[in-house]
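S.K.: Sequence below, structure please.
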Amino acid sequence: MQVFGLVGNPVGHSLSPPMHEAAYDALDIDARYVTFEPAKDEAAAAVRGADALGVAGLNVTIPFKQAVLDAVDPDDLAARIGAVNTVDFGGGRPTGHNTDAEGARRALADAGTDVAGATAVVVGAGGAGRAVTFGLSDAGATVRVANRTESTAHDLADAVPDASGHGLDALPELLADADVLVNATSVGMEEDATPVPADALHGGLTVLDAVYTPLETRLLRDADAAGATTVDGARMLLYQGAAAFERWTGRDAPVETMDAALRARL
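M.R.: Residues are numbered from 1 along each chain as shown. This is a model prediction of the structure:
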């Protein structure tokens, strides 16, 4: 039996185990997905220990996405983002990858939005914002990053081709001719709030909110009212998990099965 898992602290809330185990069952793969919660200063040791124990693959979540860089060989995208959320133990030194970027791209594509040549606005320049910004840029989009601390947005934009950094007060102007909007902050998770003024939204947008609890955030309600196409955060979570599954197993992920298992827990 193969063992895959998730390293984080805390991990008790994670929706990854039911999603991945549903995929194993659907494809008759003899595997299990477990969670590991090492001390917050033991991320690299946890990866080395998993490797020694024969764990086949790990997902990595908060607060370890940066810390595990010391224990893996990151691929080009993960190195540029500066964070790893998937570790592959395929022989030799573990390799690190970031499937958050692919998760956002595939969620948008699933909604019928081709980001190649698009103008995208990403709200947030933290871990999720960095992953989404690099992912959209690599797919051919021009990205405008808006962040509460404007200097952080500029720092991110300086590292990304065809990107620019801005403060949140610039959102109405940035969105006027934009095709895609991604909220990569946690605003909307703990309270009925949004980082984007409702009157800045319009029907030409596809709006992805990375927040998935609740599924229908205030931003998505406002976007729907404006006639925009909306994509909830569970789609990004689904596709980042599917990308990890495909990397580990070499098989196409049973996306519909994984999605049903995920949404049953939301």
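
S.K.: Check the offset of stretch 57-65 from the chain's centre.
M.R.: Here the centre of stretch 57-65 is set off from its chain's centre by 12 Å, with Cα atoms, centre = their mean, to the nearest Å.

S.K.: Could you do stretch 115-134 as well?
M.R.: Relative to its parent chain, stretch 115-134 has a centroid offset of 11 Å by Cα atoms, centre = their mean.

S.K.: Buried residues, that stretch. List them.
M.R.: For stretch 115-134, a neighbour-count test (16 or more other Cβ atoms under 10 Å) marks 115, 118-134 as buried. C-betas here are computed from N, CA, C, even on glycine.

S.K.: Which of those residues fall within helices?
M.R.: Here DSSP state H is the test, and these give Gly127, Ala128, Gly129, Arg130, Ala131, Val132, Thr133, Phe134 as lying in helices.

S.K.: Export the helix-or-strand element of the chain with minimal mean pLDDT to PDB, keeping only CA atoms.
M.R.: Lowest mean confidence among the helices and strands of the chain (mean pLDDT, DSSP states H and E): helix 43-52, at a mean of 93. Output of helix 43-52 as PDB, limited to C-alpha atoms (Å, rounded to 0.1, in the frame of the first residue of the first chain):
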ATOM      1  CA  ALA A  43       9.100  21.100   8.500                       C
ATOM      2  CA  ALA A  44      12.400  20.000   6.900                       C
ATOM      3  CA  ALA A  45      12.800  17.200   9.400                       C
ATOM      4  CA  ALA A  46       9.300  16.000   8.600                       C
ATOM      5  CA  VAL A  47      10.000  15.800   4.900                       C
ATOM      6  CA  ARG A  48      13.200  13.900   5.500                       C
ATOM      7  CA  GLY A  49      11.400  11.500   7.900                       C
ATOM      8  CA  ALA A  50       8.600  10.900   5.400                       C
ATOM      9  CA  ASP A  51      11.300  10.100   2.700                       C
ATOM     10  CA  ALA A  52      13.000   7.600   5.000                       C
END
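
S.K.: What helices and strands are in contact with it?
M.R.: If you count contacts as 3 or more Cβ pairs under 8 Å, 6 or more residues apart in numbering; DSSP states H and E, helix 43-52 packs onto strand 2-7, strand 57-60.

S.K.: And the first one, what does it pack against?
M.R.: With contacts taken as 3+ Cβ pairs under 8 Å, 6+ apart, strand 2-7 sits against helix 16-26, strand 31-36, helix 43-52, strand 57-60.

S.K.: Export those as TSV, with columns for distance to Pro74.
M.R.: Listed next are the helices and strands packed on strand 2-7 as TSV, based on distance: least, Cβ to Cβ, whole Å:
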stretch	distance to Pro74
helix 16-26	21
strand 31-36	20
helix 43-52	12
strand 57-60	11
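
S.K.: what's the distance between the closest residue to Arg32 other than its chain neighbours and Gly57?
M.R.: Using Cβ to Cβ, 6 or more residues apart in numbering and skipping the chain neighbours, the partner closest in space to Arg32 is Val3 (5.8 Å). Distance check for Val3 against Gly57: by Cβ to Cβ, to the nearest Å, it reads 9 Å.
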